[in-house]
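*Asks:* Predicted structure and sequence below. I'll ask about it afterward.
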Amino acid sequence: MSKIEEALEKANKLRASNVRKKTQSLNIFERVEPREVENDYLVSLNEPNSPVAEEFRKLKSMLLRITKKDFLNTVMITSSISGEGKTITAINLAVTIAQEIDHSILLIDADLRRPMIHNYLGMNPKYGLSDYLLKDIDISEILVKTGIGKMVLLPAGKTVPNPQELLSSVKMEYLIKELKQRYMDRYIIIDTPPILSFAEAISIGHCVDGVIYVVKEGQTQRKAVQNGLHLLKDINVFGVIFNAVRGMNSNGYHKGTDYYAY
């Protein structure tokens with residue numbers, strides 16, 4: 001075989017490989033058979049007519065309005081400390097977006113210290129983010145269809161002793177850039193550890209288009225919120241969500257109902 005023939009064959013193989021990768025990228029977000037997920041925290045899915053679900057729809061509308069013009073499609077969700085509801089916020093917002101006809105969503109569990117998203121969704125994935133960062137695995141191998149609209153999950157993966165090193169690595173930065181470019185018409189939501197407890201959120205924050213900051217009403221001290229937002233001073237903050245606000249029935253909600261405001 002001549003060198004020219006070898007070059008042509010190599011080019012053909014490369015084109016075929018790129019076509020397969022492009023097809024995988026497109027197919028991963030196709031709707032699959034709906035799957036029931038029994039979890040009281042997934043109000044956007046299981047209680048779509050509730051006041052809480054309505055607040056998530058408002059949050060979705062706010063986010064789409066902010067990001068639509070320049071299509072800022074990568075969003076990090078964090079909080080000051082644990083227990084404020086950042087993961088539940090990330091999941092419900094992702095579900096709300098995934099139920100839209102015109103939108104699909106990639107939900108990433110980057111809380112490698114306390115990964116919970118796969119548990120809430122009742123899933124047991126083989127690989128995840130940590131596996132990708134440690135091994136030679138293609139992105140398509142770590143994306144899992146959830147059966148919830150056009151929502152795909154990138155789970156946390158196996159527990160590792162050095163999450164900070166992995167999440168602040170060049171490979172993690174490249175992954176976010178690659179996902180943003182590969183899925184330009186998709187929203188990408190990243191759940192991270194609390195920002196005051198661990199440094200990973202700051203590292204990831206510099207790689208995304210913006211941040212949603214979750215505060216639990218009546219629990220988080222004002223100083224903690226101020227300190228957390230100060231750490232994000234060089235990062236675009238889309239907004240602050242107050243979780244578990246009660247009794248604001250002057251706006252038409254039932255007194256005593258937990259819901260989100262922003």
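*Replies:* Nice, thanks for sending it over. Residues are numbered from 1 along each chain as shown.
*Asks:* going forward, measure contacts between C-alpha atoms and count neighbours the same way
*Replies:* Fine.
*Asks:* What are the boundaries of the strands in the stretch 1-150 of the chain?
*Replies:* 74-79, 105-109, 144-145 (DSSP state E, counting those that start in this stretch).
*Asks:* Rebuild the ones you listed as CSV, extending it with distance to Ala201, mean neighbour count and mean pLDDT.
*Replies:* CSV is the format used below for the strands of the stretch 1-150 of the chain (distance: least, CA to CA, whole Å; neighbours: other CA atoms under 10 Å; pLDDT from 0 to 100):
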stretch, distance to Ala201, mean neighbour count, mean pLDDT
strand 74-79, 7, 27, 97
strand 105-109, 12, 25, 97
strand 144-145, 23, 20, 92
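*Asks:* Redo the ones you listed as TSV? Include distance to Tyr41.
*Replies:* Shown next, in TSV, are those (distance: least, CA to CA, whole Å):
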stretch	distance to Tyr41
strand 74-79	17
strand 105-109	16
strand 144-145	20
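*Asks:* Minimum distance to Ser203: which of these has it?
*Replies:* For Ser203, the closest of those is strand 74-79, at 10.9 Å, according to CA to CA.
*Asks:* Measure how the closest one sits relative to strand 105-109, angle-wise.
*Replies:* For strand 74-79 against strand 105-109, the angle by axes from the mean of the first three to the mean of the last three CA atoms, to 10 degrees is 40 degrees.
*Asks:* Give me the packing partners of strand 74-79, helices and strands only.
*Replies:* helix 86-98, strand 187-191, helix 200-205, strand 210-216 (3 or more CA pairs under 8 Å, 6 or more residues apart in numbering; DSSP states H and E).
*Asks:* What angle do strand 187-191 and it make with each other?
*Replies:* Using the same axes, to 10 degrees: strand 74-79 against strand 187-191 is 30 degrees.
*Asks:* can you list contacts of strand 74-79?
*Replies:* For strand 74-79, the surrounding residues in contact (CA atoms under 8 Å, 6 or more residues apart in numbering) are 86-87, 89-90, 180, 187-196, 201, 204-205, 208-215, 228.
*Asks:* next one: stretch 191-209
*Replies:* Counting by CA under 8 Å, 6+ apart, 72-82, 86-87, 90, 107-114, 163-164, 167-168, 173, 176-177, 211, 224, 227-228, 231-232, 235-236 sit against stretch 191-209.
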